[in-house]
Every structure is written in C-alpha cells, then in structure tokens.
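Asks: Can you look at this prediction? I've put the sequence above it.
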Amino acid sequence: MVCPWNFTSINHSLFFTHDPKALTQLGQALHFYGVTFRFAPPQAKGKVERAHHFWRQRLPAYFASEQIADLDHAAPHVQALRLHHNQHEIHRELRLTPQKAWDLALRE
C-alpha cells in the first residue's frame, strides 16, 4: 500500500476539529504514518469540481453514443479517456499535460 506524503484539505471536518491544530481520529492515524496536512484555499475545491463537472457532462453522452449500458463495458473506455486526458490535454494554467506535471512533481 502506498501512502501519500502530503494531504491537502479545505479544512474538512473529517480530518480536523474546530481547532485547526487538533486532529480527528482519522487525522491522527494519517499523522501517525507521516502524512502531513495543509490547508487549501476554497478555490481549490472549485478546480476539482470543474473537473468532475466535465466528466459528468461528457461521459453519459459518450456512453450513449457508444451504446455502453453497464460498468464492465464502460471501464476500458474510462481508462482510455483518462489516459488520453492525462497524456495529451494541456492544463490551461500550468501549460503542461497532467502527466508531465505529475512527473515534474515527482522529481521535485
């Protein structure tokens, strides 16, 4: 099992109590394994939501056009779409593909 080094949260109550320095049981367990926490600005949630909105809008139409009606047939298509997105679509702010951004983050 791979554990992340850092965890970014928008101060979610799943990890933090009302006191930002106090952790919940889950937060304590992750901290025990060396996972560090940092707070993200609320705008970060918007970026994630935009990505989810994109896939929620596109996948149903794609599946309908390909006549895919069950998860077993959908999974390989989702994998191919994800790989295409990560390797070929350039992020407008980073001016990198997600894969190149990931590779750069790993080197740092």
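Replies: That came through, no problem.
Asks: tell me which residues in the longest helix seen in the chain are buried?
Replies: If you go by DSSP state H, the chain has its longest helix at helix 42-65. By neighbour count on 16 or more other C-beta atoms under 10 Å, the buried set for helix 42-65 is Phe63. Heads up, the C-betas are built off the backbone N, CA and C, glycines and all.
Asks: which other helices and strands contact that helix?
Replies: Secondary-structure packing of helix 42-65 (3 or more C-beta pairs under 8 Å, 6 or more residues apart in numbering; DSSP states H and E): helix 71-88.
Asks: between the helix it packs on and helix 42-65, what angle do the directions make?
Replies: 130 degrees (axes from the mean of the first three to the mean of the last three C-alpha atoms, to 10 degrees).
Asks: contact partners of helix 71-88?
Replies: Contact with helix 71-88 is made by 59, 62-63, 66, 68, 97-99, 102, as judged by C-beta atoms under 8 Å, 6 or more residues apart in numbering.
Asks: What residues does Leu94 make contact with?
Replies: With contact set as C-beta under 8 Å, 6+ apart, Leu94 has these partners: Ala101.
Asks: Backbone torsions only: list them for it.
Replies: Dihedral pair for Leu94: phi -80, psi -20, per degrees, to the nearest 10.
Asks: quick one: pLDDT of it?
Replies: Listed pLDDT for Leu94 reads 82.
Asks: sorry, back to before: any idea which of the contacts of helix 71-88 is closest to Phe39?
Replies: Nearest to Phe39 among the contacts of helix 71-88 is Trp102, at 22.3 Å by C-beta to C-beta.
Asks: Name the nearest residue to that closest one, sequence neighbours excluded.
Replies: The shortest distance from Trp102 to any non-neighbouring residue, by C-beta to C-beta, 6 or more residues apart in numbering, is to Asn86 (7.8 Å).
Asks: Point me to the residue sitting closest to the centre of this protein.
Replies: Nearest to the mean C-alpha position of the chain, by C-alpha atoms, centre = their mean, lies Val48 at 6.9 Å.
Asks: Much appreciated, bye for now.
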